[in-house]
Structures are given as structure tokens and as C-alpha cells.
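Asker: with the input below, show me the fold.
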Amino acid sequence: MTFSRTPLLLALLPLLATAAHADETDGQPKITRLAPVRAVRGGDGAPRDAGIDGWGTTPLRDTPAAVRVIGHQQLDDHQVRTLSELAREDASLGDNYAPVGYYQNIAIRGFALDAGTGYRGNNLAMTGEQTIALEDKQQVEVLKGLAGLTAGVMEPGGVVNFVSKRPAEVRDLVLGTDSHGSRYVAVDVGGWLSPTFGLRANVAREDMHSHVRHADGRRNFYALAADWKIAPGTTVELDSNYQTSAQRSVSGYQLLGGVALPQNPDPTLMLGYQPWQQPVAIRSTNTSARLHHALGEDWTLRVAAGRSRSVIDDNVAFAYGCWYVAACWSGSPPWYFAPDGSYDIYDYRSPDDTRVGDNARASLEGRFQTGAVAHTLTVGTSAFHRSIDRHGSVNEYVGTWNIADGEPPVFAPSPKQPGPKVRRLDSWQRSGFAMDRLSLGDRWQLVLGAQFVRLHERARNKAGAIERETRLSTTLPQVALLWQPRDAVSVYASASKGLSLGREAPYWTSNDGAMLAPRITRQLETGVKWRWNDRLDLDASLFRIRQPYQYAQPDASAAGFTFVERGREVHDGLELSANGRLTDALGLNASVAMIRARADGTGTAAFDGRQVVNVPRLRASLHLDYTLPVLPRLALQAGWRHAAANPATPDGTVEAPAYDVFDAGLRYTGQLRERAFAVQLGIDNLSNRRYWRDTGSSLGDNYLFPGTPRLARLTVRVSL
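Answerer: All right, here's what the predicted structure looks like:
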């Protein structure tokens with residue numbers, strides 16, 4: 001492994017020799033900024049306090065829910081650039097269908113996020129069908145469970161909120177490369193043009209050389225943020241970003257005959273590669289505006305609106321199933337690879353697949369007193385519109401190959417062309433919410449909240465005919481009790497009710513395409529938060545989440561399966577974490593998640609009491625950052641990721657083996673000619689361990705994705 005042949009490295013050396021003095025990267029203008037999230041960075045550059053919109057913008061220690069805040073300094077130190085890499089930062093996160101070259105999805109507490117509602121930008125809904133850029137993010141907030149009171153219809157695992165960087169006096173240049181020859185450049189520039197108006201721009205270009213053959217790609221990203229203090233107590237925040245990316249998508253493996261893992265999978269092999277396969281091209285735009293207006297000393301009005309739009313040219317030579325393999329004609333499930341490793345390849349094309357989310361929110365927050373009880377009241381309303389417009393796709397068989405035979409031969413593409421574009425989904429979610437935080441003396445707080453949700457959805461088939469219409473109104477209450485025996489310690493217990501959308505039946509079931517009814521979800525959670533020595537946050541939470549179980553039930557129908565709702569799915573878990581610094585020299589980010597995720601009362605005895613697919617019983621993550629006393633500019637980095645055996649079938653008969661992955665790195669910070677710089681060298685998967693990182697599902701089918709082989713990455717940051 002060497003960097004000597006990487007052209008970008010040659011450009012780094014003269015840059016270091018000419019580096020100039022850095023402005024203060026975290027400088028703030030001398031004005032009051034009423035933001036939904038306020039962070040104070042500690043000595044390690046991580047956020048030390050934040051207010052979560054929907055809980056009255058109170059500090060994290062007063063939030064009766066498990067919330068993990070990952071600051072941009074940690075993202076930089078660990079060289080995180082993708083959603084799958086972000087999932088390594090906390091043990092409660094995991095991949096869920098996250099292929100190379102495609103938009104990725106993750107799971108929280110064992111529940112895969114819904115692409116329409118699981119991701120948020122500055123507390124507004126963000127279309128998940130995009131490659132989410134992190135260059136312009138100040139921090140990432142993982143709100144676990146039903147912590148997002150105003151999130152509306154969502155999966156019960158939680159939501160991820162990306163918070164934009166705000167204007168500051170900053171001039172940073174980042175250059176990077178890796179052992180495959182990738183090239184990366186990013187610029188972060190900001191400043192205050194006047195005492196009341198500031199701008200910040202982030203621009204990035206990435207040429208990705210993948211570890212998978214034929215899967216190289218590129219990405220361009222542009223972002224602009226503006227803060228404008230219109231008058232004392234009135235601030236407007238504007239954010240907009242645009243990104244284009246193009247990369248061939250890499251198909252996942254599948255179980256052999258539905259009962260066995262492929263042996264010795266090649267993580268560098270693109271199973272369905274065809275020279276005529278075009279890359280998956282994604283163009284995304286995210287824009288938002290937020291107004292904060294102080295109505296006297298005790299009341300604040302917040303109004304926000306945003307649009308998130310993603311356009312996907314989905315092209316893939318897709319490896320899937322064995323419908324055309326003789327070995328599958330004798331009873332082997334054709335939606336898996338054949339028992340001998342044979343699989344079919346399909347020419348799949350779905351151009352101009354457009355996903356749009358429009359979100360608007362308004363809330364009023366204030367404080368008042370009734371006798372001895374102090375109240376912090378938040379009331380508001382929200383509207384969210386999501387649409388999906390798609391052409392009739394091409395999905396045609398072109399040939400068959402075997403995983404043991406390496407790269408497939410060239411097959412002729414299908415001559416068929418995509419059909420007309422149709423609005424496939426039109427969804428409205430309207431809600432009103434209220435929350436009252438009652439301070440009962442100095443140590444106790446009672447939080448009472450509720451959200452009334454009205455859902456109206458129309459789904460159409462590719463011919464434009466309505467195949468489903470859903471109308472639903474419900475009230476979602478939430479109650480929590482907090483006890484603070486000391487200023488640095490909070491203990492809480494909460495109960496909440498949520499609503500998640502029903503799942504769609506896979507095409508190989510008897511009710512192909514049917515969308516089941518939305519599901520009521522319930523959660524109980526208790527936890528403790530302790531800020532130890534003002535630089536280390538210790539957190540523990542114990543939770544139970546339950547919802548109706550929707551799955552493909554074996555039966556006597558012609559298809560052999562019918563997608564039904566029967567029984568319930570229950571996730572019981574314990575989460576522990578420590579984030580901050582143990583000493584001045586030693587930084588720590590550690591987390592453990594133990595989850596018992598079971599289905600019961602399903603009507604299928606083989607599935608009852610079994611661990612749910614793609615939910616390991618144990619995950620652990622550890623990152624250490626140690627500054628050498630004798631060389632204070634040099635820091636050693638070490639990381640460890642562990643996952644227990646991961647179920648790959650609902651009856652638990654097949655599991656991906658447990659794995660441990662170790663990472664290592666060095667970071668050197670210094671100054672040359674009064675210009676600050678940092679050089680980072682990191683090696684992921686130091687021992688080049690082969691493992692299955694993901695057994696997640698997409699559209700009812702389960703896939704297996706190999707972990708990334710050993711990768712060395714070099715990054716240089718210079719303050720100009």
C-alpha cells in the first residue's frame with residue numbers, strides 16, 4: 001500500500017510549505033443569535049450543550065430522551081464523509097441497505113429509517129433518497145426512539161437531524177486522498193460582512209476510486225448559509241445546498257437458496273457489471289429559511305420552511321434472484337441466489353425519479369408562572385407534503401452468472417425504454433403540537449406533550465390509477481418525568497405513542513404491491529445523564545419499543561406467501577455511552593447497544609421469539625484520541641467496532657458471523673509561517689478483516705453487503 005503514485009499527494013507538500021496564518025475558526029459576531037440548536041464547544045471541539053427543537057430548545061440534560069450529538073470536529077477527526085461511515089460513530093446505529101454507489105440508509109435501535117421522514121435538516125424534513133453531504137454540517141443529532149416530538153409520522157427508532165454551520169470568520173482548505181487514488185478537495189469560507197449580516201460557503205469536489213472494480217465515481221457539492229439580524233431579537237437563518245453525484249451502484253449478495261451464506265465473497269467484485277451500465281446519477285437540493293423573533297423577554301416565535309428535492313437517474317445491471325436458473329426450478333426460492341451460487345442479472349433503468357418534500361413549521365415558546373409551578377410552554381403547527389414522480393421502469397432479464405466465476409461476461413442490454421412519468425405518491429401530513437414543561441421545585445420537572453396528526457396519502461400504479469388512499473387522524477401523547485439530584489445529573493422516565501407508515505408487500509407475495517395500514521407504535525424509556533468533571537458525558541438508557549409486525553407469511557396461496565400484519569415486534573434495549581475527554585491528553589467516544597428484538601404472535605411458529613433480521617444483539621464502538629506528552633502536536637488514534645452475529649432470515653437459522661474491526665491513525669497539528677495546519681493519516685480495517693456489515697432489506701428483499709477492505713486515507717487541513 002503506497003501513496004507515491006497518487007497525484008494529489010504531490011500537491012499537498014508545497015501547500016504545507018506555503019501555509020498562512022489562520023483566522024479563528026470558531027469566531028462569533030457580537031450579536032445574539034436565537035437558533036433552534038445552540039452548541040458550546042468544549043476543549044475537544046465537540047458540542048457540549050444543545051437544545052433540541054420540539055423539547056422547548058432546552059439543554060440536552062433537560063431532554064427526557066436519548067440524544068447523541070456528533071460535532072463536526074469528530075466528523076473531521078474520523079474522516080467521516082458518508083452515511084454508512086456515520087453509523088460507526090454510535091453503537092445504536094447500523095447500516096440498512098447501504099450499497100456502494102447508491103443513496104444509503106441506516107437503522108436506529110434496529111428500525112430502518114423511513115426515507116421520507118427519518119432525515120431532517122435544521123429540524124425540517126429532508127428527502128433521504130440522496131447522498132447526504134457533511135461538509136456544511138456543524139453537528140449531527142441522533143434523536144433515538146420517539147424523541148422527536150414534532151417529527152410527525154416516523155419509524156420508532158428515531159430520526160437524524162443535520163445542523164448547518166453558521167457564519168463565522170473561517171478560511172479553511174481541505175485536501176485528501178486514499179490508497180485507491182481518490183482525490184478530495186473542500187473549501188470552508190465565512191465571515192461577517194457587517195455586525196448584522198454574515199455568510200458561510202462550503203464547496204467540495206470528490207473523485208472517488210472505489211474498492212469495488214468499475215465503481216469509481218465523482219461528487220460536487222455547493223452550500224451557502226446566511227444569518228441576518230433584522231432587528232434586536234429578530235434573526236433570519238437561510239441555508240441552501242446543491243449536490244451532484246455519479247457512481248455505478250454495486251449490487252449486494254443474497255443467501256444461497258435462501259438458507260446459506262456465500263462463502264469467501266469478493267468485496268471488490270461488482271456482481272452485475274456490464275460495460276453499458278450507466279452510473280446512478282443523483283442531483284439534490286435542500287433549502288430552508290428560519291425566523292426567530294423575540295416577543296418580549298419570555299416569549300419567542302419560530303417560523304421555518306424548507307424544500308428538499310432529489311432527482312435520481314437509477315441505472316444498474318442488477319444481480320438478483322435465480323428465476324432463470326434450472327437449479328431454482330425444483331423449489332428453491334427464486335428471489336434468492338441459487339444454491340450453487342448462480343444468479344440472474346437485470347437491466348434496470350428508472351430515469352428522472354423525483355422525490356420532493358416541502359415542510360413548514362411555526363411554534364410559539366414562552367415561560368410563565370402559576371403559583372409555585374414554572375411553565376415552559378411550546379405550541380405549534382406543522383405541514384409536510386411529500387411527492388414521488390417516476391417513469392415506468394425497465395427491469396428486464398439479460399443473463400445469468402455465478403459468484404464463483406468472477407466478473408460476468410457482456411450481455412446485450414434490453415431494447416425496452418422507460419414508460420411515461422406518473423405521480424406515484426402524494427402525501428400530506430398536517431399536525432398541531434403542544435408541550436408544557438412544569439418545573440416542580442429545583443429538582444423535578446414534568447413534561448406533558450401531545451401531537452394531533454392528520455395523514456392523507458394517495459398512491460398510484462405506473463399507469464396512474466389510484467391503488468391506495470389512506471386517511472387517518474390520531475393524537476400522539478408523550479409524558480416524561482425528570483429528576484436532577486445534582487446540577488450535573490439528570491434521571492428521566494418517559495412514555496410516548498407514535499405513528500409509522502405501513503410497509504409495502506414484496507412483488508413475490510400474493511398481494512404484490514399492497515400497502516398495509518399505518519401502525520401505532522409505543523415506547524417506554526428511562527435513562528440517566530451525567531456530565532462528569534464538565535468534560536465527559538456519561539449516558540445510559542433502557543427502552544422498550546413495540547409496534548405491529550408486518551411480514552411475508554408463508555401460506556397456501558399460489559405465491560406461497562402473503563404480506564400481512566399479525567403479532568407484534570418488540571425491541572428491548574440497553575444503551576451506554578461516554579463522550580468527551582478522560583484527561584487533557586485522552587479523548588474518548590465509546591458506546592454499547594444491546595437489543596433484544598423479537599416478533600411474537602405472528603401465526604408462524606418458526607418466526608416467534610426469534611431475533612429480527614439485521615438487528616445484532618450487541619454492537620459496540622470505541623474511538624480513542626491520545627496526544628503524546630513528549631510530542632504535544634502529535635495525536636494517536638485508535639478505533640474498534642464490534643457487532644454480534646446478525647440474523648439473515650426471520651427464523652434465525654442463518655446468521656452473518658460476528659466481527660471485530662480495528663482502525664488506527666495519526667494526526668499532526670502545527671504552524672508553518674504562522675499558518676495553522678493539520679495532517680491526518682488513518683487506516684480503516686487495519687487487519688483487512690472480511691465480514692458482512694449489513695443484512696438489510698429493500699422493497700421486501702434482503703441483501704448481504706461485504707465490509708470495506710483495508711483503506712488508508714490522508715487528509716490535510718490548512719487555515720488560510
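
Asker: quick check, residue 255 in contact with residue 263.
Answerer: No - if you go by C-beta atoms under 8 Å, residue 255 and residue 263 don't touch, sitting 11.8 Å apart. (Glycine included, C-beta is placed from N, CA and C.)

Asker: who's more crowded, those two?
Answerer: Ranked by neighbour count (other C-beta atoms under 10 Å), residue 255 and residue 263 place residue 255 first, with 21 against 9.

Asker: the residue lying closest to residue 453 once chain neighbours are set aside pairs with what?
Answerer: Excluding the flanking residues, the one nearest residue 453 by C-beta to C-beta, 6 or more residues apart in numbering is residue 431, at 4.6 Å. Applying DSSP bridges to residue 431 gives these bridge partners: residue 382, residue 453.

Asker: counting neighbours, what do you get for residue 431?
Answerer: Number of residues near residue 431 (other C-beta under 10 Å) recorded here: 22.

Asker: ditto for residue 195
Answerer: Counted with other C-beta under 10 Å, residues neighbouring residue 195 total 10.

Asker: could you report the pLDDT at it?
Answerer: pLDDT for residue 195: 96.

Asker: cool, and the one 4 residues further on?
Answerer: Among the per-residue scores, residue 199 holds a pLDDT of 98.

Asker: can you check the one 5 residues further on too?
Answerer: At residue 204 the predicted local distance difference test score is 98.

Asker: surely it is in contact with residue 188?
Answerer: No - look at residue 204 against residue 188 with C-beta under 8 Å: they stay out of range, at 9.2 Å.

Asker: could you look up the SS state of residue 327?
Answerer: Counting by DSSP: H, G, I helix; E, B strand; the rest coil, the backbone at residue 327 sits in helix.

Asker: ok, it to residue 559 distance?
Answerer: With distances taken as C-beta to C-beta, to the nearest Å, residue 327 is found 20 Å from residue 559.

Asker: how about residue 528?
Answerer: Per C-beta to C-beta, residue 528 is found 49 Å from residue 559.

Asker: ok, residue 473 next?
Answerer: As defined by C-beta to C-beta, residue 473 lies at a distance of 34 Å from residue 559.

Asker: who has more neighbours out of these two?
Answerer: Ranked by neighbour count (other C-beta under 10 Å), residue 473 and residue 559 place residue 559 first, with 16 against 11.

Asker: nearest residue to residue 117 other than its sequence neighbours?
Answerer: Excluding its sequence neighbours, the residue lying closest to residue 117 (C-beta to C-beta, 6+ apart) is residue 154, at 4.7 Å.

Asker: quick check: that neighbour touching residue 116?
Answerer: No - using C-beta under 8 Å, residue 154 makes no contact with residue 116, being 9.2 Å away.

Asker: shared neighbours of residue 204 and residue 188, which are they?
Answerer: Shared contacts of residue 204 and residue 188, defined by C-beta atoms under 8 Å, 6 or more residues apart in numbering, comprise residue 135.

Asker: returning to what we had before: surely the residue nearest to residue 453 touches residue 452?
Answerer: Yes - between residue 431 and residue 452 there is a contact at 6.1 Å, judged by C-beta under 8 Å.

Asker: shaky segments in the stretch 151-300 of the chain?
Answerer: Along the stretch 151-300 of the chain, the model assigns pLDDT under 70 to residues 151.

Asker: how about the helices in it?
Answerer: Counting by DSSP state H, counting those that start in this stretch, one finds no helices in the stretch 151-300 of the chain.

Asker: same question, the chain
Answerer: For the chain, the helices defined by DSSP state H occupy 7-17, 72-77, 83-86.

Asker: pLDDT of the shortest one, averaged?
Answerer: Right, helix 83-86. 95.

Asker: so for it, what gets flagged as buried?
Answerer: For helix 83-86, burial by neighbour count (16 or more other C-beta atoms under 10 Å) applies to 83, 84, 85, 86.

Asker: just send these back as a markdown table, with distance to residue 72 too.
Answerer: As requested, the buried residues of helix 83-86 are exported to a markdown table (distance: C-beta to C-beta, whole Å):
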| residue | distance to residue 72 |
| --- | --- |
| 83 | 16 |
| 84 | 18 |
| 85 | 14 |
| 86 | 12 |
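
Asker: run through the bridge partners of residue 701.
Answerer: Beta-bridge pairing for residue 701 (DSSP bridges): residue 698.

Asker: ok, now which ones touch it?
Answerer: By C-beta under 8 Å, 6+ apart, residue 701 lies in contact with 254, 320, 335, 506.

Asker: now do it against residue 504, distance only.
Answerer: For residue 701, the distance to residue 504 - C-beta to C-beta - is 12 Å.

Asker: re the thing from before, compute the number of surrounding residues for the residue nearest to residue 117.
Answerer: The burial count for residue 154: 25, using other C-beta under 10 Å.

Asker: run the chain-centre distance for the lengthiest strand in the chain.
Answerer: Counting residues, the longest strand found in the chain (DSSP state E) is strand 342-370. Put simply, strand 342-370 sits 12 Å off its chain's centre (C-alpha atoms, centre = their mean, to the nearest Å).

Asker: give me the mean pLDDT for it.
Answerer: Strand 342-370 comes out with an average pLDDT of 96.

Asker: so which bits of that strand are buried?
Answerer: Under the neighbour-count criterion of 16+ other C-beta under 10 Å, strand 342-370 has 342-351, 353-361, 363-366 buried.

Asker: please tabulate the contacts of residue 701 in JSON lines, including the columns distance to residue 554 and neighbour count.
Answerer: JSON lines is the format used below for the contacts of residue 701 (distance: C-beta to C-beta, whole Å; neighbours: other C-beta atoms under 10 Å):
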{"residue": "254", "distance to residue 554": "18", "neighbour count": "26"}
{"residue": "320", "distance to residue 554": "21", "neighbour count": "24"}
{"residue": "335", "distance to residue 554": "13", "neighbour count": "22"}
{"residue": "506", "distance to residue 554": "13", "neighbour count": "19"}
